[in-house]
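**Q** Pasting the sequence and the predicted model now:
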Amino acid sequence: MPISSEYKSQTKSLYIVQVAEYLKNHLQYLHEIGFKGFDCSEKSLNIITTWGQPVKKQAPDLKKIQTDMENCFLCRLSASRKNIIFGTGNPDADLMFVGGRPSGMDAESTSEPFAGEVGELLEKIINAIKMSKDEAYFCNVIKCRTPVDQDPMPDEISACARFLEQQIDAVKPVFICALGEIAAGVLLKTDKSVSALRGRFYNYKGIKILPTYHPAYLLRYESRKRDVWEDMKMLMREMKRSVH
């Protein structure tokens, strides 16, 4: 019976680990007897110990991501920005709210992703489900203010999407509430409307995503507030089952 390639690979990895352990022990012995021919520092021994073992990928740091974004000039929005609007809230939150673009005239000066009336309405929604702003994390797909509140262009969305992905990897939320079609479209890679997407959860890298209407939309169409309330109740029920 032929030996499988998987078995050969496992055997080779085990052999490498055994050799590394032997070398570590031998170098440690040489170090203890005062042998000066090799670098037997703790750092070197630790490197040898990890030979043949899988490398753990570390999540990016939010501050590092923010610095990279401040030096980003990948699209035309960077030419007129005063500040990036990175994200606010709890960096260890189980729940993340993601919008499309910065909302409200004060967004750039305050660095709040959801400012003005939009931010006030979003806070009311959060309070209605017995949460506070300090318990969630808030950001947008687009990190620079768009001119005259225009929707971002496809190339602008593409330039910022990678930073959003890094933010999500750093925060590691259990749930994401995608506010509006831009956020839902980027995260779910779809062009469907929010009305067609809402009412159910979707998967993104093991994270449960619930699309719903953006607070800015609710300010124009108040009749949709009931739909958002139903979505929020569903979100809270699922969070209680999954998080607690």
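**A** Arrived safely.
**Q** Could you check the pLDDT of the residue of the chain positioned farthest from its centre?
**A** Within the chain, the residue lying farthest from the chain centre (C-alpha atoms, centre = their mean) is Ile33, at 49.8 Å. Here the pLDDT value assigned to Ile33 is 70.
**Q** Roughly how far does it sit from Leu27?
**A** 11 Å (C-beta to C-beta, to the nearest Å). For the C-beta atoms, the positions are set from N, CA and C on the backbone; glycine is no exception.
**Q** How about Phe201?
**A** Taking C-beta to C-beta, one finds Phe201 at 52 Å from Leu27.
**Q** do the same with Thr146
**A** Applying C-beta to C-beta to Thr146 and Leu27 gives a distance of 59 Å.
**Q** Helix or strand: which one has Met239?
**A** helix 225-242 (DSSP states H and E).
**Q** In that helix, which residues are buried?
**A** By 16 or more other C-beta atoms under 10 Å, the buried positions in helix 225-242 come out as Lys225, Asp227, Val228, Asp231, Met232, Met234, Leu235, Met236, Met239.
**Q** Taking the residues you listed, tell me the two that lie furthest apart.
**A** Maximum pairwise distance among the buried residues of helix 225-242 (C-beta to C-beta): 20.6 Å, between Lys225 and Met239.
**Q** re earlier: now the buried residues of helix 225-242 in a markdown table, with distance to Pro102?
**A** Output for the buried residues of helix 225-242, formatted as a markdown table (distance: C-beta to C-beta, whole Å):
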| residue | distance to Pro102 |
| --- | --- |
| Lys225 | 22 |
| Asp227 | 24 |
| Val228 | 20 |
| Asp231 | 22 |
| Met232 | 22 |
| Met234 | 27 |
| Leu235 | 23 |
| Met236 | 27 |
| Met239 | 26 |
